[in-house]
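Trainee: need a 3D model of the sequence below.
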Amino acid sequence: MSQTKNNKPFIELTANEVSSLWSSYLKSSMEQRLFEYFFASTEDSAIKQVVEKMLNHAKKNINELKEIFIKENLTIPHGFTEEDVRIDALKVFSDTFILYFCFDLTHLSMSTYPVALSDCTRNDIRDHFQVNIAFSVEIQNEIVDLMGSLGVYLKPPQVAIDSDVEFADTMIYFNGFFGGSRPLNVAEIANLTRIVHRAQFSKMVFVTFSKLAKAKEVKQHFSKGRDGIEKVLDSLQEVLEKENIPISASGDYTFSDVEMSPFSDKLMLFFVNTCLGIFCFSMISQSITSSLRTDIVSKLDKISDDMKKYYGLGLLLAVKEKWFEQPPQAVDRKI
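Mentor: The predicted structure is shown next:
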């Protein structure tokens with residue numbers, strides 16, 4: 001085994017580490033292009049400061065990852081370039097909508113970087129993801145505080161909690177098909193609220209992207225996504241309304257109708273497939289495993305199946321347009 005300059009044994013990257021680094025590069029590459037435009041178009045000074053911090057972090061990430069790829073003799077991903085963004089395009093998104101974009105991307109980071117860290121063996125790779133987790137926590141806290149001060153934070157519902165300790169004494173506790181056997185518990189309320197808030201944001205992203213997209217097929221795909229998200233909202237809001245659980249909604253997912261899109265169709269489709277897709281699946285999976293009413297689990301299963309079909313079509317569309325960058329592959333050992 002070869003030795004490094006500090007006399008520690010050199011450890012080759014594992015498949016998990018290569019996969020996580022590759023995904024991190026594509027994510028940071030996409031974020032850089034998004035934040036470049038957001039920084040140029042944001043007018044609110046406090047929101048602009050948040051965008052600038054996230055832009056600088058994305059650039060720093062890309063430089064670090066390039067160094068790792070070069071050192072390990074790995075091909076640097078193509079990712080997203082200056083061709084995928086028009087910084088001089090007219091303002092499309094309201095400043096608050098941009099802040100919601102930033103908030104959503106921190107959630108994606110918080111759901112992917114910890115998994116990457118847990119799969120890493122080498123100290124330098126663990127350090128890379130640990131720094132990203134620390135930054136994500138810091139900037140997310142800053143965004144939540146800013147949203148609160150601006151009055152745009154979508155606060156989860158507050159409910160009166162029964163203080164008595166109780167144990168379920170019948171299987172009826174799990175049944176919800178016939179009018180609901182019991183009120184929602186706090187885990188179910190939290191998970192449904194989280195999905196509804198995310199769906200509200202996702203719906204407006206689909207609405208905006210469907211207007212900005214140039215290619216007819218991409219435009220239609222985003223419109224289908226909007227229709228699918230509306231069904232999700234109708235299905236889950238019905239449960240919360242029957243239980244008289246109030247759900248907050250943003251009134252500032254606003255955008256301007258412009259002729260020139262600031263983003264390429266390729267970048268917008270990647271954002272939909274990764275940010276709206278991957279994070280959404282993890283959110284729904286968490287909800288399914290922690291929901292104990294059969295009616296809720298049934299609704300979430302239906303939503304999950306529909307989304308698998310939709311995001312599968314999104315990946316096929318990316319392949320068709322030659323936008324899908326293949327992850328690194330192992331050497332073919334077949335004889």
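
Trainee: the one helix or strand residue 238 maps to: how far from the chain's middle?
Mentor: In the assignment (DSSP states H and E), residue 238 maps to helix 216-242. Relative to its parent chain, helix 216-242 has a centroid offset of 17 Å by C-alpha atoms, centre = their mean, to the nearest Å.

Trainee: again with stretch 207-217
Mentor: Per C-alpha atoms, centre = their mean, the centroid offset for stretch 207-217 relative to its chain is 20 Å.

Trainee: could I have the CA atoms of it written out in PDB?
Mentor: What follows is stretch 207-217, C-alpha atoms only, in PDB (Å, rounded to 0.1, in the frame of the first residue of the first chain):
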ATOM      1  CA  VAL A 207     -46.000  26.800 -13.000                       C
ATOM      2  CA  THR A 208     -43.000  29.100 -13.500                       C
ATOM      3  CA  PHE A 209     -40.800  26.500 -15.300                       C
ATOM      4  CA  SER A 210     -43.700  25.500 -17.700                       C
ATOM      5  CA  LYS A 211     -43.800  29.100 -18.800                       C
ATOM      6  CA  LEU A 212     -40.000  29.500 -19.100                       C
ATOM      7  CA  ALA A 213     -39.200  26.300 -20.900                       C
ATOM      8  CA  LYS A 214     -38.400  26.500 -24.600                       C
ATOM      9  CA  ALA A 215     -38.900  22.900 -25.800                       C
ATOM     10  CA  LYS A 216     -42.500  21.900 -26.100                       C
ATOM     11  CA  GLU A 217     -42.000  18.400 -24.500                       C
END
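
Trainee: list the buried ones in it?
Mentor: 207-213 (16 or more other C-beta atoms under 10 Å). C-beta here means a position set from N, CA and C on the backbone, and glycine is covered the same way.

Trainee: any idea how many residues pack against residue 21?
Mentor: Residue 21: 23 surrounding residues under other C-beta atoms under 10 Å.

Trainee: my read is that it contacts residue 66, right?
Mentor: No. If you go by C-beta atoms under 8 Å, residue 21 and residue 66 don't touch, sitting 10.5 Å apart.

Trainee: am I right that residue 60 sits in a helix?
Mentor: Yes. Under DSSP: H, G, I helix; E, B strand; the rest coil, residue 60 sits within a helix.
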